[in-house]
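[1] This is a predicted model, with the sequence first.
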Amino acid sequence: MLGSMRRPENLGKAFLLAGLLIAALPLQAAVLRAEVAKVRSGVGHLDQVSMRLSWPEGAGEGELELRATALEFPLLSYSARDLVWRCPLRRAEGDQWSCDGPLQLTGAKAPSRLALSISPAATTADLSVGKQKFSYLSNASSPDLSRIQVERIPVAWLQAFFSGLWAEGQWTQGELGGRLDITAPAEGPFRIAAGLDFDGIGLETPDGWLAAAGLAGHLDLDYREQGARTRVTADIETRGGEFLAQGLYAQLPATPVSIQVEAEQTGGGPWALPKIAWSDSGVLQAQGRAMLDAAASVQELDLDLRLGDLAVARDRYLSGFLAPAGFSDLVLSGALSARMQLQQGELQSLAMELTGINAVDPRQRFIFAGLEGSLGWTADSHPVASELRWGSGALYGIGLGAARFGFESAGGELRLREPASLAVLEGSLRLDELRWQAPAGNRGTRFQVGATLDNLDLGSLSQRLGWPPFTGSLGGRIPAARYESGVLQLDGGLAMQVFGGSVSLSELVMERPFGIAPTLSADVAIEDIDMEPMTAAFGFGAITGRLDGRIAGLRMVDWSPVAFDARLMTDPAWKGKKRISQRAVEDISKVGGAGLVAGLQTQVLKFFDDFGYARIGLGCRLRDNVCAMEGVGSAGDGYTIVEGAGLPRIQVVGFRRQVDWPTLLDRLKAATEGQAPIIQ
């Protein structure tokens, strides 16, 4: 992660040759020329240098012209070609020489200027390129200290410098201003002390674990090397920008956010971070420590944090976690405190305190109000107790009463201590079992719940879900519902007592239940439904008798059916009246795309209110948005939907065995809305 910083030499050595020539120059000389293949220093070098100095006899100053084919400042990651510098050379008391003049560079888009001053006391250099400025100072009284002052320089100019501190960091954009003090004694610690203002900073790492854009603020940096030990302290105050660190995506405010990091390394080993602190007043406070491995991954972590305002923290810090889980637009309020511990790269413990939390899903999947209490999880064998409660809630528009849950955790599992009940739809829902296991190794999150539904009012459920006004109750037991890798699977099933019969769901599996395009698969069994109240509830023509059926292999994507094998049949064992109204005949004809045949002229149909039947049945095998239709039997190229009995006798036959699913839905909608077909 962090690397060793190369120690620069005194910049004045780059101009040592010029100083010697100037000092040796007799005043009566007119012109002096010199050529040097390369002039080097710890911070830069000049290639193919030619120097011309003219000093008219008796003049108080001379003119210096310096040319070089290349100028390189590795410390600044700055280079230029075909350099020409002309300046008036002056000598003051105390052997101080100075030269200040324009600097010409090939391809330069802005005017440049270089000022140089050399004396026994100090060496200074000031370089400006347009609005960018670079200054260097070395005092003879402290020869081990070099001071660099920069103003509005591109961060790319300091890429080499920052690479020495952090090898993986790639600085892509932005500007810097401030100072760098570099202390490089022959004996003793090497040190860099920096105070830098930054604006519009962009940053990324090759592996993508960290990225930043538009960062603005101030950095105070203290970097020290002594022997095999390296220590870095960074105090950062940001004012805007955004960054991504693994799952954490932060949109930083224009108000100050304070970040403090201390890092230590010994002998090229892994980095220890004895202090990590983050302060965003009223929104996020965090403090902790960490240990990294050779790949800069977190191996150990002890972190305390408080989210004081979840309404603000959601956009600033939580979107990177909420969006992948399908909750990008979740509305939050309240406060949350947490402590997290990692060991060997694995979560060891997590403890949370919740205060006045409200969570509202705009897509109306759930609402929870007044979440309070604590939630604790540990991988240790010593059990940890906690308790969570809410004032009210809702799932898909179904209201949930107040609830209290007692938890216990040990061995990496969070489980319900005892069953918990809550009021739902004028009945009750009892959680018999709840277990949660955190991700470990290659295994994802595991969740298991067992529940009992008791006497839930089906009429209330119908009203909330926008269904026809069903009557009856919903009940049953789910021995275990397991969630892992985005898949929810139910053992056992659900049973609805409706219209004097039952509708049972089994083999229920959901993928991404709260994510994008959730899918559901199940088998549905229908037994002994009283058709008279059922047809009335659906706005269908009246039919008496009982109905059985099945919907096998049901698969829904985003709550719309894409495949199933369905068959609905009247119960042959029913001993009561089997009558079908004229309206029901018309509705069935419309749904099945059927005709009326055998024993009754359609012109006479209007004279009868209802008819007897022997059997009614309709089937659909849905694949690729097309229904393969069937009835109670074949009728030539068609299929019989209603087989009449007695007089007047009626028979309804469907003639199209392949029907588009959207067309079938439109027909069903028209039938239940009372739009009867015209029979000619």
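    Received it, and whenever you're ready, just let me know what you need. None of these values were measured; they are calculated from a predicted model.

[2] for the stretch 1-150 of the chain, what spans make up the helices?
    Ranges of helices within the stretch 1-150 of the chain are 16-24, based on DSSP state H, counting those that start in this stretch.

[3] Can you list the buried residues in stretch 443-452?
    Going by neighbour count (16 or more other CB atoms under 10 Å), the buried part of stretch 443-452 is 446, 448-452. For every residue, glycine as well, the C-beta is placed using N, CA and C.

[4] For Ala359, see how far away Tyr396 is.
    From Tyr396 over to Ala359 the distance is 15 Å, taken as CB to CB, to the nearest Å.

[5] And for Thr445?
    Thr445 is 19 Å from Ala359, by CB to CB.

[6] Can you check the pLDDT for the residue lying closest to Tyr639 once chain neighbours are set aside?
    Taking CB to CB, 6 or more residues apart in numbering, and ignoring the residues beside it in sequence, Tyr639 has Gly631 as its nearest neighbour in space, at 3.9 Å. With respect to pLDDT, Gly631 scores 88.

[7] Gly631: what's it in contact with?
    The contact partners of Gly631, by CB atoms under 8 Å, 6 or more residues apart in numbering, come to 592, 617-619, 639-641, 653-654.

[8] rerun that using 10 Å as the cut-off
    Shown in contact with Gly631 (CB atoms under 10 Å, 6 or more residues apart in numbering): 567, 569, 588, 592, 594, 615-619, 638-643, 652-654, 657.

[9] Average pLDDT for stretch 395-407, rounded please.
    90.

[10] swap that for stretch 304-314, sorry
    What stretch 304-314 shows for mean pLDDT is 95.

[11] So what would you say the end-to-end distance of that stretch is?
    Taking CA to CA, to the nearest Å, stretch 304-314 runs 18 Å from one end to the other.

[12] how about that stretch: buried residues?
    So stretch 304-314, judged by 16+ other CB under 10 Å, has buried residues 305-310, 312-314.

[13] before we move on, what about stretch 342-357?
    Buried-residue list, stretch 342-357, by 16+ other CB under 10 Å: 342, 347-354, 357.

[14] Centre of the chain to it, how far?
    Mean-position distance between stretch 342-357 and its chain equals 19 Å (CA atoms, centre = their mean, to the nearest Å).

[15] what's the answer for stretch 248-264, then?
    That offset, for stretch 248-264, works out to 18 Å (CA atoms, centre = their mean).

[16] Please save the CA atoms from that stretch in PDB.
    Written as PDB, here are the backbone C-alpha positions of stretch 248-264 (Å, rounded to 0.1, in the frame of the first residue of the first chain):
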ATOM      1  CA  LEU A 248     -18.800   2.200   0.800                       C
ATOM      2  CA  TYR A 249     -19.900   5.000  -1.600                       C
ATOM      3  CA  ALA A 250     -19.800   8.400  -0.100                       C
ATOM      4  CA  GLN A 251     -21.100  11.700  -1.500                       C
ATOM      5  CA  LEU A 252     -19.300  14.200   0.800                       C
ATOM      6  CA  PRO A 253     -21.000  17.500   1.700                       C
ATOM      7  CA  ALA A 254     -19.700  21.000   1.100                       C
ATOM      8  CA  THR A 255     -19.500  21.400   4.900                       C
ATOM      9  CA  PRO A 256     -16.300  20.100   6.600                       C
ATOM     10  CA  VAL A 257     -15.700  16.400   7.100                       C
ATOM     11  CA  SER A 258     -12.700  15.500   9.200                       C
ATOM     12  CA  ILE A 259     -10.700  12.300   8.500                       C
ATOM     13  CA  GLN A 260      -7.700  11.100  10.600                       C
ATOM     14  CA  VAL A 261      -5.500   8.100   9.800                       C
ATOM     15  CA  GLU A 262      -2.400   6.900  11.500                       C
ATOM     16  CA  ALA A 263      -0.400   4.100   9.800                       C
ATOM     17  CA  GLU A 264       2.700   2.200  10.800                       C
END
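
[17] Give the rounded mean pLDDT of that stretch.
    Mean predicted confidence for stretch 248-264 is 93.

[18] same thing with stretch 455-466?
    Mean pLDDT, stretch 455-466: 78.

[19] Over to stretch 353-362?
    Mean predicted confidence for stretch 353-362 is 94.

[20] which one of Tyr396 and Ala359 has more residues nearby?
    Ala359 (18 against 12; other CB atoms under 10 Å).

[21] Ignoring the adjacent residues along the chain, who's closest to that one?
    Spatial nearest neighbour of Ala359, excluding adjacent residues (CB to CB, 6+ apart): Phe368 at 4.8 Å.
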